[in-house]
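Trainee: I would like to see how this sequence folds:
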Amino acid sequence: MTTRRNFLRLSALAASALALDSTKAAPFFLNSGKKSGQGPVVLSTWRFGIKANEAAWKILSDKGSALDAVEAGVKVPEGDPSERSVGLGGRPDRDGRVTLDACIMDHLMNIGSVACLEHIVHPISVARAVMEKTPHVMLVGSGALDFALSQGFKKENLLTPESEAEWKEWLKKSEYQPKVNIENHDTIGMIAIDAHGNLSGACTTSGLSNKMHGRVGDSPIIGAGLFVDNEVGAATATGHGEEVIRIAGSHTVVELMRQGHSPAEACKKAVERIIRATELRNRSLKDIQIGFLAINKKGEHGAYCLQRGFNYALYNNTTHNQLIDAPHLR
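Mentor: Below you'll find the predicted structure:
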């Protein structure tokens, strides 16, 4: 028979056990702020992630926020006209217009996004302004441009001579045959955990070259091209956006990590889900590329892709900045 004295003693023991095991309880709170124990980590897609990581690391190594770091990082390829799939110099659509998509997400689930934005070099900063200065989460087309101009962003011609020449050459046959890797499209997705243990992410692209005007892929869509949950981790996607959207790819990766899968396992399972969706529709996988990149709350990271060729950049205190080939299925 349990006496009142025994009940109080058992309650005290239970409370002590919970206090000792607080590291397990902390992740159930959205903004625990608990350090990962790994120090800052930043990950980004493709080879241009190396330079992007350098800009992000300057902020992270000075104990700056992951949000500031990912914005600064992806602005590097956005502003580089030699990078033909992001920002200035991005490949145009079939009408010769460069349209940009971007989104950003912080550890408190604040989000901002722009799609089909023209004439602005840094759509990621416009997306952040949407997040911080409007009651909305996404602005598109002329509305996004009007908002950007109202915030002091400069209107510029994004179609460089190189991109214009390539587009005019394409017009001779107007054949639409997307390639599987970075040859005619791609995205920089960046995810980071800062010294305070908080996660953020950013994703920005000019999308598929020679796309129909108005086409929007996964990159500006929260849950598709990017998702951050400070309890669990963050993920970003690259490749053919229509396939990523089909399974809410980045959200799927994060939810798989929530279920206990490592970042690498979660990325692989998301790729396998896309394969099943493609086979259900009797479509060929030959010309499809999908890559996922993820980090969990502990600072562990991983990636996986469908076809050979996807790589990502990692910067942390241990390895510094390096380019890694992602495991692939085919």
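Trainee: Give me the pLDDT for the spatially closest residue to residue 211 that is not a sequence neighbour.
Mentor: Leaving aside its sequence neighbours, residue 211 sits nearest to residue 93 (Cβ to Cβ, 6 or more residues apart in numbering; 4.9 Å). To be clear about C-beta, it is placed using only N, CA and C from the backbone, and glycine gets the same treatment. On pLDDT, residue 93 comes in at 94.
Trainee: How about the contacts made by residue 106?
Mentor: When contacts are counted by Cβ atoms under 8 Å, 6 or more residues apart in numbering, residue 106 touches 66, 67, 131, 198, 200, 228.
Trainee: Tell me which stretches of the stretch 101-250 of the chain form helices.
Mentor: Along the stretch 101-250 of the chain, counting by DSSP state H, counting those that start in this stretch, helices occupy 123-133, 141-150, 161-171, 241-246, 249-258.
Trainee: residue contacts, the residue lying closest to residue 290 once chain neighbours are set aside?
Mentor: Closest residue to residue 290 apart from its sequence neighbours, by Cβ to Cβ, 6+ apart: residue 239 at 4.1 Å. By Cβ under 8 Å, 6+ apart, the residues touching residue 239 are 180, 186, 187, 288, 289, 290, 291, 305, 306, 310.
Trainee: What of residue 63?
Mentor: Contacts of residue 63 by Cβ under 8 Å, 6+ apart are 194, 195, 196.
Trainee: circling back to that earlier point, part of a strand, is the residue nearest to residue 211?
Mentor: No. The assignment for residue 93, made by DSSP: H, G, I helix; E, B strand; the rest coil, is coil rather than a strand.
Trainee: Isn't it up against residue 212?
Mentor: Yes. Residue 93 lies in contact with residue 212 (Cβ atoms under 8 Å); the separation is 6.7 Å.
Trainee: bridging residues for the residue lying closest to residue 132 once chain neighbours are set aside?
Mentor: Of all residues not flanking residue 132 in the chain, residue 112 sits nearest, at 7.1 Å (Cβ to Cβ, 6+ apart). Beta bridges link residue 112 to residue 104, judged by DSSP bridges.
Trainee: The residue nearest to residue 290 and residue 211: what is the separation?
Mentor: In this view, residue 239 and residue 211 are 14 Å apart by Cβ to Cβ, to the nearest Å.
Trainee: where along the protein do the strands fall?
Mentor: Along the chain, the segments classed as strands by DSSP state E run 41-45, 100-105, 111-117, 138-140, 187-193, 199-205, 226-229, 233-239, 290-296, 301-305, 311-316, 320-325.
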